[in-house]
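# sequence unknown, structure follows:
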């Protein structure tokens, strides 16, 4: 979702879009098996250097991120 809409949404707009796409009570999981609500997903991605906030306050993929198509099989 971040890749497709790179640098278009603020964090609040991203959270709203996640809720519209997958439901307001959606939770995300990390590799360690911890689940967390959508409101914490962006902080998690930023802390893992997967996403960044631009100078304009928009969500973008971290420049070093390489997106594969592995998720498309799920």
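All right, it came through fine. Owing to the predicted nature of the structure, the values given are computational and were not obtained by experimental measurement. Residues are numbered from 1 along each chain as shown.

# in contact with residue 21, which residues?
residue 1 (CB atoms under 8 Å, 6 or more residues apart in numbering). Where C-beta positions appear, they are placed from N, C-alpha and C, glycine not excepted.

# that one falls within a helix, correct?
Yes. Applying DSSP: H, G, I helix; E, B strand; the rest coil, one finds residue 21 inside a helix.

# tell me the pLDDT at it?
Per-residue pLDDT puts residue 21 at 92.

# kindly report the same for residue 70.
pLDDT recorded at residue 70 is 48.

# show me where this structure has its helices.
Counting by DSSP state H, one finds helices in the chain at the ranges 11-22, 38-47.

# to residue 61, which of the ones you listed lies closest?
Ranking the helices of the chain by their distance to residue 61 (criterion: CB to CB) puts helix 38-47 first, at 9.0 Å.

# what about residue 15, distance to residue 40?
The gap separating residue 15 from residue 40 is 10 Å, by CB to CB, to the nearest Å.

# excluding its backbone neighbours, what's nearest residue 42?
residue 11 (5.4 Å; CB to CB, 6 or more residues apart in numbering).

# what about the one you found, how many residues nearby?
17 (other CB atoms under 10 Å).
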